[in-house]
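> I need the structure of the sequence given here:
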Amino acid sequence: MRFKTLRDLPREELFAPGHRMCAGCGAAIAMRWVTKVLGPNAIVANATGCVEVTTTPYPETAWMHPYIHVAFENAAAVASGIEAAVKALRRKGRWTAGDTKVVVIAGDGGTYDIGLQSLSGMLERRHDVLYILYDNEAYMNTGIQRSGSTPKFAWTTTTPVGAAARGKVQWKKDIMGIVMAHRVPYAATASISHVLDLANKVKTAAEVRGPTFLHIFAPCVPGWRYPENKTVEVARLAVETGYFPLYEWDHGKLRLNPPSNNHLDKSKRRPLREFLNVQGRFNHLTEEEVAELERELDSYWQYLSKLASISS
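Below is the predicted model of the structure:
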C-alpha cells in the first residue's frame, strides 16, 4: 500500500545523527527518508562520495543497516555479488533474514561517470537490486568538479567562468534515458522537496522484483552556492520550474507525477529564472544564456510528452 499522508510515514530512524554532512545537505535529507522507508531488512553498498565520506569516519558510522563502502566504479557490481550470494544462501536454506533488499547508494560521479559501466552490467543481468542515485550535479566531495550530471553553463572549479568560458560547455547527461533503455521494470525521479512522492517511490522500487532505479534530486549548499536554510526551497523550485520533472517508468509506461503532470503546459511552470537566481553557480548567466537553457528545457518536456503518449 502507498503512503497517503505524511503521518503514514515510518517513524523509526535508521540514519543516525552525528554524521559530518553539511548543514542543509540535500543528500542527508534523502538518506534519512530512504532508510526509514526501506526499513531494517536491507543491505547497503555505498560508492565513494559525499555520503560515504561524511557518514563513515572510522571508527564511527551513521548507518544502522549492514553496510559496505566500495569504490566509485563498482558499487553496482558489489551489490550484484551480494544479491547473488543472498539468493544462493536462500536456496540452501541458510538465509534466515527473510526478504532482504540489496540497495546501492551512489552520487552522480559514481553513477553518470565512473560507475556507469557496472550500473549497466547490473541492469543487463537483471539483478534484484535497488540503485539509488543522489544527484548533487558535481563531484562535491573532492572539490566541486564538473560531472556528467552538471548542467550547462554551471560554474564548478573545473568549469570556471570568464571571458573565454561560461561554465560547463556540455548539456547534462540523460541518466534516466540510459537506464530506461535497459528495459528495467521500474525507474523514477524524486526530489527531497516532495517527501511523500519520494517515500512512495522508494517503497515501490524496493518491492518490484528485478533491477530498479531512483534518481533523487539533492541540492548541495557549498557546490551550488546558496544559504543552508534554502535547500528544500531550491529543490522545490527545480520541480516547479520544470527543471527536474517528477515521473515514473513503470513496466514500459511513462507516468508524470504531480505537479509535473501539469508542466507539459509551459504556462503552468514557474519561470526558470526563479530556480537559477537562488544559486551562486548561475550568477553569471546572461539573458541569452537563460533563454538557451529554457529552449533545452522545452525540448526535454516535448521528449517526455512523446514518451508518455507512446507508452500509454
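> my read: R126 touches G210, true?
Yes - R126 is within contact range of G210, at 5.5 Å (criterion: C-beta atoms under 8 Å). Using the backbone N, CA and C atoms, a C-beta is placed for each residue, glycine as well.
> dihedrals phi and psi, the residue lying closest to A106 once chain neighbours are set aside?
Leaving aside its sequence neighbours, A106 sits nearest to A47 (C-beta to C-beta, 6 or more residues apart in numbering; 3.9 Å). Per-residue torsions, A47: phi -70, psi 150 (degrees, to the nearest 10).
> tell me, how many residues neighbour A47?
When counting by other C-beta atoms under 10 Å, one arrives at 28 neighbours for A47.
> for it, which residues are in contact?
Residues near A47 by C-beta atoms under 8 Å, 6 or more residues apart in numbering: 70-75, 104-107, 110-111, 115.
> any of the residues you listed buried? List them.
With neighbours counted using 16 or more other C-beta atoms under 10 Å, those contain these buried positions: 70, 72-75, 104-107, 110-111, 115.
> in strands only, show me those residues.
If you go by DSSP state E, the buried ones among the contacts of A47 have 70, 104-107 in strands.
> who are the contact partners of R209?
Residues near R209 by C-beta under 8 Å, 6+ apart: 128, 185.
> go again with 6 Å.
Residues near R209 by C-beta atoms under 6 Å, 6 or more residues apart in numbering: D128.
> any idea how far N261 is from it?
R209 is 27 Å from N261, where distance means C-beta to C-beta, to the nearest Å.
> list the buried residues in stretch 259-266.
259-260, 263-264.
> same question but for stretch 17-33, I mixed them up
19, 21-22, 24-33.
> now the strands for the stretch 201-312 of the chain?
212-217, 247-250, 253-256 (DSSP state E, counting those that start in this stretch).
> would you list every one of the helices in the stretch 1-150 of the chain?
Counting by DSSP state H, counting those that start in this stretch, the stretch 1-150 of the chain has helices at residues 26-38, 50-55, 75-91, 116-125.
> starting at the chain centroid, how far to the third one?
Averaging C-alpha coordinates over helix 75-91 and over its chain gives two centres that are 23 Å apart (C-alpha atoms, centre = their mean, to the nearest Å).
> what does the shortest one give?
In terms of C-alpha atoms, centre = their mean, the gap separating the centre of helix 50-55 from the centre of its chain is 15 Å.
> picking that back up, and the furthest pair within the buried residues of stretch 17-33?
C22 and W33 (17.4 Å; C-beta to C-beta).
> check which residues of the longest helix along the chain are buried.
Of all the elements of type helix in the chain, the one with the most residues (DSSP state H) is helix 287-311. Across helix 287-311, burial judged by 16+ other C-beta under 10 Å covers 289-290, 293-294, 297, 300-301, 304, 307-308.
> ditto for stretch 212-225
Going by neighbour count (16+ other C-beta under 10 Å), the buried part of stretch 212-225 is 212-221, 223-224.
> pLDDT value on R236, please?
Per-residue pLDDT puts R236 at 98.
> what distance do you get for it to M140?
20 Å.
> ditto for A76
The spacing between A76 and M140, counted by C-beta to C-beta, is 21 Å.
> so the two - more neighbours on which side?
Applying other C-beta under 10 Å to A76 and M140 shows that A76 carries more neighbours, namely 28 against 25.
> list the contacts for the more buried one?
By C-beta under 6 Å, 6+ apart, the residues touching A76 are 104, 118-119, 122.
> could you redo the last one with a cut-off of 8 Å?
Taking C-beta under 8 Å, 6+ apart, one finds 104, 106, 115, 118-119, 121-122, 129, 131 in contact with A76.
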